[in-house]
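A.B. asks: below is the sequence, then the predicted model.
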Amino acid sequence: MKTDLRAGTLSAPTVHWQQHEPPADVGLAPVLLVHGFASSTELNWMATGWVRDLNAAGRRVFTVDLPGHGSSHAPLEADAYAPSRLLQHLLDVLSRAGVRPRAADDAASGVDLVGYSLGSRLAWELAALRPDLVNRVVLGGMSAEDPLADFDLAAVDRFLSDSTPIDHEATSALLALMQRAPDANTAALLRLVSGIKTEHFAPKAAVPTRPMLFVSGDRDSVATGASELAALANSEVLLLPARTHTNAVSSRAFKQAAIEFLAR
Amino acid sequence: MIEFFSEFNEYWSIAVAEISFPLPDLGEGLLEATVLEWLVAVGDQVERNQPFVEVETTKSSVELPSPIAGIVLTLHGEPGDVIQVDAPLVTFTVADDSAGIVGTVPEEAAPKRRVRLSAVLDED
C-alpha cells in the first residue's frame, strides 16, 4: 500500500496533507478524512486502521493535519483557527489534490468526507457549503452543540499560571484531554479554542442536502444532540455498543459501516 | 482413521511451537491498556502485520498489528479486561522452524509514529 505519493504543504500557515493511494482503485471518489480536536492524522486515522481499510476497499484517501495539530503549523494568532479558516484549508487541499465538482456520469468525481468530533462539524459545514463538490458524508462523534463553546479560557489561564482550580467541569475535562493527548501542543490548542469561539456552530442554519451517516458510541457523553440533527438531515444513525467518544474511532464496526455507506 | 489422526496429532505437536506475545510498550509511560475488541478468533490464521486486537489506553485507541504469521491459540483476556505491559496478550502456534528465532515481540510490533514528510514549523 503506497502512501504519500503526493504530499504537500499549503502556505501561510503551513498545512500538512497527504494522499494515500489504494493498491487497486475501484474508481470511486476520493475520501477526505478530517480529524478531531487534540488529535491528528496519525492518531485519528493511521493508528486506528482507517487509512489502511479505506485503501484496501479501493478508495483513494486524503488526510490533513488541522492547524496546531500533527505536522501542521501552529499559528500564534487565534483568528487562524476560526472554523471558516479551517474550512478554507480543507478546500485548498481538495483543490490541490485535483478534486473535481460532482458529475452525474463520473463516479470518481467529487469527494466523500469522514469526520470525527470537531472534524465532523467541519464536514457538516463543508457539505452544506459545497454540495457541488461533496458526495457522501460520515459524521463520527458529531455534536449538535459545539463542545468547545463553553470552554472557560480565563479559568484555564489562571490554572496554568498559579494552579487555581477550574470550577467548570467540562473545561477541566477538556484540558485534561488536551494534556493527555500524545504530542499535543496545548498552547496551540488553547488558541484554537479561542478561534473556534469566534464562530458559533449553528448546524440548523445550514443543513447539508447530501447523504450522511451519523456514527457515535452509545456511551459518548460529548456527542450530544446528534440524533436530532440526523433526523433534521434525514440521515442514518449507527450507535456503537459500549463505546465512548475516545474509543469509538478505532471500532471495526464504525469503519465497516462507513466504507459500505461511502460505496453506495 | 482414528489411528491416523492420533499419529497426525503426534506429528503436529512436534512440528509446531507456541509463541506468546506480551502487550508491547505503547510509549509515553503507559503501563497498561484495555482490550476493546479482538479482531481475530482462536483458530484463525493471522498474517504478519495483520491487525489482531483493538486496545485503548488513557490517551487513545489503536489497533495492534501481529508481529508474526501464525494460528491463534489463546487470546489472553476479554473485551474490557486491563492488560499490563509485558503481560501475555496473545499466543500463536507457528511452524517449528520459525519458533527458535523469535522469542519476544520484534520492535516493529509497537505502533510507531509515521515518518513525517514536512518539517514541523513550530514557533512556540
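C.D. replies: Alright, I've got the coordinates.
A.B. asks: hmm, A:Val99 is touching A:Ala108, no?
C.D. replies: No: if you go by Cβ atoms under 8 Å, A:Val99 and A:Ala108 don't touch, sitting 9.9 Å apart. Just so you know, the C-beta spots here come from the backbone N, C-alpha and C atoms, and that holds for glycine as well.
A.B. asks: the more surrounded of those two?
C.D. replies: A:Val99 (20 against 14; other Cβ atoms under 10 Å in any protein chain shown).
A.B. asks: contact partners for the residue nearest to the more buried one when sequence neighbours are not counted?
C.D. replies: Spatial nearest neighbour of A:Val99, chain neighbours left out: A:Val111 (4.8 Å); criterion: Cβ to Cβ, 6 or more residues apart in numbering or on different chains. A:Val111 makes contacts with A:Ala29, A:Pro30, A:Val31, A:Leu32, A:Phe62, A:Leu94, A:Val99, A:Leu133, A:Val134, A:Asn135, as judged by Cβ atoms under 8 Å, 6 or more residues apart in numbering or on different chains.
A.B. asks: need the residues touching each of A:Val99 and A:Ala108.
C.D. replies: Residues touching both A:Val99 and A:Ala108 (Cβ under 8 Å, 6+ apart) are A:Ala29, A:Pro30.
A.B. asks: residue 51: how many residues sit nearby?
C.D. replies: You didn't say which chain, so I picked chain A. Neighbours of A:Val51 (other Cβ under 10 Å): 26.
A.B. asks: let me rephrase: I mean chain B.
C.D. replies: 19.
A.B. asks: now stretch B:35-45 - C-alpha only, CSV.
C.D. replies: The C-alpha trace of stretch B:35-45 is given here as CSV (Å, rounded to 0.1, in the frame of the first residue of the first chain):
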residue,chain,number,x,y,z
VAL,B,35,-8.9,-4.7,25.4
LEU,B,36,-11.7,-3.2,23.3
GLU,B,37,-12.2,-5.9,20.7
TRP,B,38,-10.3,-8.9,19.4
LEU,B,39,-10.2,-8.8,15.6
VAL,B,40,-9.3,-12.5,15.3
ALA,B,41,-10.6,-15.7,17.0
VAL,B,42,-8.9,-18.8,18.3
GLY,B,43,-8.0,-21.0,15.4
ASP,B,44,-7.7,-18.1,12.9
GLN,B,45,-4.7,-17.9,10.6
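A.B. asks: which parts of it are buried?
C.D. replies: Neighbour-count burial for stretch B:35-45, with 16 or more other Cβ atoms under 10 Å in any protein chain shown as criterion, is recorded at B:Val35, B:Leu36, B:Glu37, B:Trp38, B:Leu39, B:Val40.
A.B. asks: tell me the secondary structure for the first one?
C.D. replies: With DSSP: H, G, I helix; E, B strand; the rest coil as the basis, the three-state label of B:Val35 is strand.
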